Structure formats: structure tokens, C-alpha cells
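Undergrad: Let me see the structure of the following:
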Amino acid sequence: MGPGVGARIGWLAGGLGALVAAALFGVSAGAADISAADIVRHLLSLVSPTAESPLTERQEALLVELRLPRVVMGAVVGALLATAGGAYQGVFRNPLADPYLLGAAAGAGLGATLVIVFGQEVTDAPRALVPVAAFVGALLGVAAAYTLGATAGGGGTASLILAGVVVSSFLSAAQTLTQQIGGDQLLRIFSWLLGGLGRGGWDDVRMVAPYTVVALAVLLVCGHLLDMLALGDDKAVSLGLNPSAVRIVVISAASLATAAAVAVSGLIGFVGIVVPHIVRRLVGSNYRAILPVSVFFGGAFMVVVDIVARTVVAPAEMPIGVVTAFLGAPFFLLILRTTRHRAT
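TA: Model prediction:
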């Protein structure tokens, strides 16, 4: 069971505090020295006529045009992936469900790669097509994994994960073939596949904003429906719920969230499985608490990971997907081990 209203509000406040702290750390970290206190004073000067900004013109440009959009994008991508992961786990009632294990990310990656390679032949603004193509690919990937797992393997935890691996492998192979066809775009595709937040600035934030609002709003509204699904389909039907309709809505919204994240950041794994599990241990099994808290902790997690990626090997930059893989792979093995013990 989940915590009471007061406890949920407390965890939401804690998550918001973690996100704010991570964001201040993120905008102050870098080669150019800008302290968090100076950043706070600068932000206050924007809303208060009596406050004076301590930043020079160069520092302000660095903050507004480079660091701030990167931190905002990290928070958005982390929130999308973490909330999508929690929603997938709830709708499939599977602790190992994750955008990258169920074919959503591979499908989104294939869709986005197709646009990068062939989009110029279709439209003069192919960049705007990336989230749409990524969404269609993510939806098809999840649908294929779910159908294969249900028909060939009986729909259990192991069969669903194996189906996701099969579908992801097939879509990844198709993506590799597409990359070879678009050889002149190979560097751009590889850069995108490794994951990163420093490419588009405010343009990416504006592009992904509508998808983010829609996906997160739908998932957060569906939190109590996932709690009803956790009781079993028969009980959910007796409470007046249509389980199939709820699954379609939640899977679509979670796929949209995954697609939006992939479209602007590339492939960044393990966020959707690590963050929801940590949050579940903090707030319990109530999805009315898991999903909103995952929004804040997912955003904070991604901002911190991005700081690690751009400072550990400075002045070079490590791909974010590499950092999340180092952190997430051992965590996934721990979850797999725990799940296996519970099943035996």
C-alpha cells in the first residue's frame, strides 16, 4: 500500500527540493566559475526591480544560452523516462518493464533515424518530424513486444522481457541497416544514439514541450487507474474499469513520453527502471504517489548524471548513455535477482 496524503506531499516536496538542488548544481558546474549564489541573485533580479544581477554579460549569456537549457532538458528527459518506466511497470504489472526492455526506445530510435536519413527528401524541416516518427516507432515496438510475449510465451514476466529483447534486437538491426544507407549522416546518427543533452538548446525544449505536457498529464491522471489494475482485471471490472482501455491509454502516453525523450536526447538507458524502483521503495506501491514523485526524482537524477558526463573527463564529454549504463546495469541485475527469488 502507499503512504497517506501527508506523506505523499512530503515526498513530492522532497523530490522538488532534490530537483531544484540538482538544477542549481547543474547550472553552476563547468569551466567558467559561476556560483549558485550568484545564479540565485541573478534570477531574483529578473523578477525584482530592486535586485541587481552580479553576473557579467558573458556569464549571463553562458547561463541563459548554454547551461540553463541543458539543465531544463535534462530535467524534462529524466522526468519523461522515469515516469514512462513507472507506468510500464504498473500497466504490465511487471517490475522489469522499462522503455528500453519493451522495444519502445528501439522503435523510437528507428523512427528518428529514418527521419534523420530520409527526412530531407520529405520535408524542408525534418527536425519537426523526429518526435512524430519516434512516437510511431515506440508504439509499434511496445505493441510488437507485448503481442509476441502474450501469444508465444504466455504473457509472464520472463516471456515479456524475452519478447522485448527480440523486438529490440530486430529494430536495432533495422536501424543499423538504415545507418549504412545514410552514410553521410553516420556521424550525426552515432552522436545521437550515444545520448546527450547539449545539442539543441532552447529549440529542443520548445519542440518537446507539448509532447511532455500531454504525456505526463495523461500518466499522472491515470495513477489511480493503475492502482485499480494492480488488484487484477476481474476486480477492476467490478469497480467499473475497462482494463483494456486503460492499458491502451497508458501504453500510448508512456510511449509518447519515451519518444519525446529519445527525439531530443538520443538513447539513454536504465533511467526508466532505476528511478521508479527507488521511488517505490520510498513511497510504497501506490501509483498515485510513484508517478508524480518519479517526475521530480527522474529529473534530478538526469541532471546529476549529465553533470557527471560533462565534468569527469573534462574538457571532453562522456555520452550520458555510458554513465547511465554503468549505474543502471548493476541495479538491473539486483532487481532481476530479487524478482527471481520472489518468484521461487
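
Undergrad: any idea how far the residue nearest the centre of the chain lies from Thr212?
TA: For the chain, Leu81 is the residue whose C-alpha lies nearest the centre (Cα atoms, centre = their mean; 1.7 Å). For Leu81, the distance to Thr212 equals 11 Å [Cβ to Cβ, to the nearest Å]. C-beta here means a position set from N, CA and C on the backbone, and glycine is covered the same way.

Undergrad: joint contacts of those two?
TA: Counting by Cβ atoms under 8 Å, 6 or more residues apart in numbering, the residues touching both Leu81 and Thr212 are Ala257.

Undergrad: contacts for stretch 215-229?
TA: So stretch 215-229 is in contact with 2, 79-80, 83-84, 87, 90-91, 93, 235-236, 239, 241, 243, 246-247, 249-250, 252-254, 256-257, 260, 286-292, 295, going by Cβ under 8 Å, 6+ apart.

Undergrad: Could the C-alpha coordinates of it be exported in CSV?
TA: Only the C-alpha atoms of stretch 215-229 are listed here, as CSV (Å, rounded to 0.1, in the frame of the first residue of the first chain):
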residue,chain,number,x,y,z
ALA,A,215,2.3,12.6,-21.9
LEU,A,216,2.9,13.5,-18.2
ALA,A,217,-0.6,14.9,-17.7
VAL,A,218,-2.2,11.6,-19.0
LEU,A,219,0.1,9.4,-17.0
LEU,A,220,-0.4,11.3,-13.7
VAL,A,221,-4.2,11.3,-14.2
CYS,A,222,-4.0,7.5,-14.7
GLY,A,223,-2.2,6.8,-11.5
HIS,A,224,-5.3,5.8,-9.6
LEU,A,225,-6.3,3.6,-12.5
LEU,A,226,-3.1,1.7,-12.3
ASP,A,227,-3.7,1.1,-8.7
MET,A,228,-7.1,-0.4,-9.6
LEU,A,229,-5.4,-2.6,-12.3
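
Undergrad: Mind giving me the packing neighbours of the host helix or strand of Pro69?
TA: Under the criterion of DSSP states H and E, Pro69 resides in helix 68-92. Using 3 or more Cβ pairs under 8 Å, 6 or more residues apart in numbering; DSSP states H and E as the contact test, the elements touching helix 68-92 are helix 5-28, helix 202-221, helix 223-229, helix 243-265, helix 271-283, helix 287-311.

Undergrad: mean confidence score for that helix?
TA: Averaged over helix 68-92, pLDDT sits at 93.

Undergrad: Find out how far whatever helix or strand comes next after it is from the centre of the chain, if you would.
TA: The C-terminal neighbour of helix 68-92 among helices and strands, as given by DSSP H and E, is helix 104-122. Here the centre of helix 104-122 is set off from its chain's centre by 18 Å, with Cα atoms, centre = their mean, to the nearest Å.

Undergrad: Quick one: work out the angle between the next helix or strand after helix 104-122 and helix 202-221.
TA: Next helix or strand after helix 104-122 toward the C-terminus (DSSP H and E): helix 130-152. Note on geometry: by axes from the mean of the first three to the mean of the last three Cα atoms, to 10 degrees, helix 130-152 and helix 202-221 are set 40 degrees apart in direction.

Undergrad: pull the CA atoms of helix 130-152 into CSV?
TA: What follows is helix 130-152 as a C-alpha-only set of coordinates in CSV (Å, rounded to 0.1, in the frame of the first residue of the first chain):
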residue,chain,number,x,y,z
VAL,A,130,11.6,13.4,-35.3
PRO,A,131,9.2,13.2,-32.3
VAL,A,132,6.3,12.1,-34.5
ALA,A,133,8.4,9.3,-36.1
ALA,A,134,9.8,8.4,-32.7
PHE,A,135,6.4,8.1,-31.2
VAL,A,136,5.1,5.8,-34.0
GLY,A,137,8.2,3.6,-33.7
ALA,A,138,7.9,3.4,-29.9
LEU,A,139,4.2,2.5,-30.1
LEU,A,140,4.9,-0.2,-32.7
GLY,A,141,7.8,-1.6,-30.7
VAL,A,142,5.8,-2.0,-27.5
ALA,A,143,2.8,-3.4,-29.3
ALA,A,144,5.1,-6.0,-31.0
ALA,A,145,6.8,-7.0,-27.8
TYR,A,146,3.5,-7.2,-25.9
THR,A,147,1.8,-9.3,-28.6
LEU,A,148,4.8,-11.6,-29.0
GLY,A,149,5.1,-12.1,-25.3
ALA,A,150,1.4,-12.8,-24.9
THR,A,151,1.0,-15.2,-27.8
ALA,A,152,4.3,-17.0,-27.9
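
Undergrad: quick one: low-confidence ranges for the stretch 201-344 of the chain?
TA: Residue ranges of the stretch 201-344 of the chain with pLDDT under 70: 339-344.

Undergrad: roughly how far apart are Ser255 and Leu327?
TA: Using Cβ to Cβ, Ser255 is found at 24 Å from Leu327.

Undergrad: again, but for Ile307
TA: Using Cβ to Cβ, one gets 13 Å for the distance from Ile307 to Leu327.

Undergrad: Please identify which of those two sits among more neighbours.
TA: Using other Cβ atoms under 10 Å as the criterion, Ile307 and Leu327 rank with Ile307 on top: 21 against 16.
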